[in-house]
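> the following block contains a protein sequence and its predicted model.
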Amino acid sequence: MPSDRFYLIYQEASDEECLLTIQPYDEPNALAEAINRLQSLQVDEYTIIKGIKMKATLRLAVELHEDEEKEDSSPQLKEEKNV
């Protein structure tokens, strides 16, 4: 039977990007060191899951809608408010 692992899940965000990390750890000491590193980076929210090694698939769905505004001759970035 496979041995249990710890999975540390945390999110880092900035104005430009959002990064979700899922990191496996076999040793509790390595997990504790990783949590200390996160705290030094001021990442206070994280999740720890104990389980067996598994495969995962990430699926992402994006809805595109036709823009109803008249197009301007100069392209401009629009701020999305409903995400």
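Looks like it arrived, so ask away. Residues are numbered from 1 along each chain as shown.

> only C-alpha atoms from now on, for both contacts and neighbour counts.
Noted.

> okay, helices next: where are they in the protein?
28-40 (DSSP state H).

> any idea how far residue 68 is from the spatially most central residue of it?
Geometric centre of the chain, nearest residue: residue 20, 1.3 Å, by C-alpha atoms, centre = their mean. Computed as C-alpha to C-alpha, to the nearest Å, the residue 20 to residue 68 distance reads 33 Å.

> dump the residue contacts of residue 25.
Contacts for residue 25 (C-alpha atoms under 8 Å, 6 or more residues apart in numbering) come out as 5, 6, 7, 8, 31.

> before we move on, the earlier item: how about the residue nearest to the centre of the chain, nearest residue that isn't a chain neighbour?
Leaving out its chain neighbours, the residue that sits closest to residue 20 by C-alpha to C-alpha, 6 or more residues apart in numbering is residue 11, at 4.5 Å.

> okay, and which of the contacts of residue 25 map to strands?
Counted as lying in strands by DSSP state E, out of the contacts of residue 25, are 5, 6, 7, 8.

> from what I can see the third one touches residue 52, true?
What that stands for is residue 7. No: taking contact to mean C-alpha atoms under 8 Å, the distance of 9.5 Å between residue 7 and residue 52 leaves them out of contact.

> can you get me a residue count around residue 6?
19 (other C-alpha atoms under 10 Å).

> and it, what does it touch?
Residues in contact with residue 6 (C-alpha under 8 Å, 6+ apart) are 24, 25, 26, 27, 28, 31, 48, 49, 50, 51.

> and if you look at residue 13?
The neighbourhood of residue 13, defined by C-alpha under 8 Å, 6+ apart, consists of residue 19.

> just use 19 as the starting number from now, easier for me
New numbering, starting at 19: the last item is residue 31.

> picking that back up, and which of the contacts of residue 24 is nearest residue 57?
Sorting the contacts of residue 24 by how near they are to residue 57, with C-alpha to C-alpha, puts residue 49 at the top with 12.5 Å.

> can you give me the pLDDT of the nearest residue in space to that closest one that is not next to it in sequence?
In space, not counting the residues next to it along the chain, residue 49 is nearest to residue 43; the distance is 6.0 Å by C-alpha to C-alpha, 6+ apart. According to the model's per-residue confidence, residue 43 sits at a pLDDT of 92.
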